[in-house]
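Student: Everything below, folded, please.
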Amino acid sequence: MKHVEILLTNPLGKKQYAAERIVNFGNNLAENLNADFPEWAGWVRRDVDALQTELGQQERAATDQTSETGDVDTFIAEIPRILSAARARVAVDLGDGSHAFKAIYPDGMATYNNLTKTSAPIVLKALQDALDKHATNLEPQTKQRLHTLYDRWMDIRDEQERAKEDTDSERAEVRIARENLEWTIVEVLHRLALHFGRNVEQAQRYVNSELLDAPRHARLERSAEVAGN
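Tutor: Below is the predicted model:
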């Protein structure tokens, strides 16, 4: 019964087969079929091209997400430098040790030096609120530079979230394109089997299953075949 069930399933859907190996197998199959079965070759080539397109878009989305993550890390590192550079100006304009100064620097630079992705929005919103309440006399350019830190943080995080959503969306598209290719290959293999009937060797001329194996696995199988002969 298990052998019958195999005919009704998609054996290429296993995780052991990387998408790149499915593509290589499909390309080779289409090339081998082209002379004798051009229509079937066209089906395979169509879905290979679709999967390759989606894999490329997924790679670009992943690169964008990595870039956005780097932007967040860079900005977190930049915040203490901005607050440290502004500290003398804040002390002069608002009074060193004043209530206004302590609202902006509640524990000196400690909070800003230890920012994390979790604490940053809370700390920067508190800074923005403190500036709104207590920094009336602060030099405008300095006030603006500090006041916009929270908004800059939110913009960067929004971009990072959009990049993550794009990556997740591309992964879903890759899964769909891969399944389409897998089932097309399965259908073509079934058609080959039906066309050649019991002449399995004739059908196998069009198929190079080693392309589905990981390199090490393929080498081991070849070694076993040589030893057996």
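Student: Is Leu138 part of a helix or strand, or is it coil?
Tutor: When classified by DSSP: H, G, I helix; E, B strand; the rest coil, Leu138 comes out as coil.
Student: With adjacent residues omitted, what lies nearest to it?
Tutor: Asp93 (4.8 Å; Cβ to Cβ, 6 or more residues apart in numbering). Just so you know, the C-beta spots here come from the backbone N, C-alpha and C atoms, and that holds for glycine as well.
Student: Report pLDDT for the residue positioned nearest the centre of the chain.
Tutor: Residue closest to the mean C-alpha point of the chain, counted by Cα atoms, centre = their mean, is Ala62 at 3.3 Å. Looking at Ala62, its pLDDT stands at 75.
Student: go on, Ala177?
Tutor: Residue-level pLDDT assigned to Ala177 equals 91.
Student: Please tell me I have it right and it contacts Val48.
Tutor: No - applying Cβ atoms under 8 Å, one finds Ala177 not in contact with Val48, separated by 9.4 Å.
Student: residue ranges with poor pLDDT in this structure?
Tutor: Residues of the chain meeting the criterion pLDDT under 70: 1-7, 64-69, 214-229.
Student: Which residue ranges of it form helices?
Tutor: 2-7, 19-33, 38-94, 99-104, 110-113, 120-134, 140-147, 149-196, 200-204, 215-228 (DSSP state H).
Student: ranking those by burial, who's on top?
Tutor: Comparing the helices of the chain by mean neighbour count (mean count of other Cβ atoms under 10 Å), helix 19-33 ranks first with a mean of 19.
Student: Mind giving me the packing neighbours of that one?
Tutor: Packing partners of helix 19-33 (3 or more Cβ pairs under 8 Å, 6 or more residues apart in numbering; DSSP states H and E): helix 38-94, helix 149-196.
Student: So which of those helices is nearest Leu212?
Tutor: helix 149-196 (10.0 Å; Cβ to Cβ).
Student: gap between the closest one and the chain center?
Tutor: On the basis of Cα atoms, centre = their mean, to the nearest Å, helix 149-196 sits 10 Å off its chain's mean C-alpha point.
Student: Same check on stretch 82-102?
Tutor: Worked out by Cα atoms, centre = their mean, stretch 82-102 lies 42 Å from the chain centre.
Student: repeat for stretch 117-130
Tutor: 29 Å.
Student: Surely Ala62 touches Asp168?
Tutor: No - Ala62 is beyond contact range of Asp168, at 10.5 Å (criterion: Cβ under 8 Å).
Student: about what we covered before: ok, the residue nearest to the centre of the chain - contacts?
Tutor: 167, 170 (Cβ atoms under 8 Å, 6 or more residues apart in numbering).
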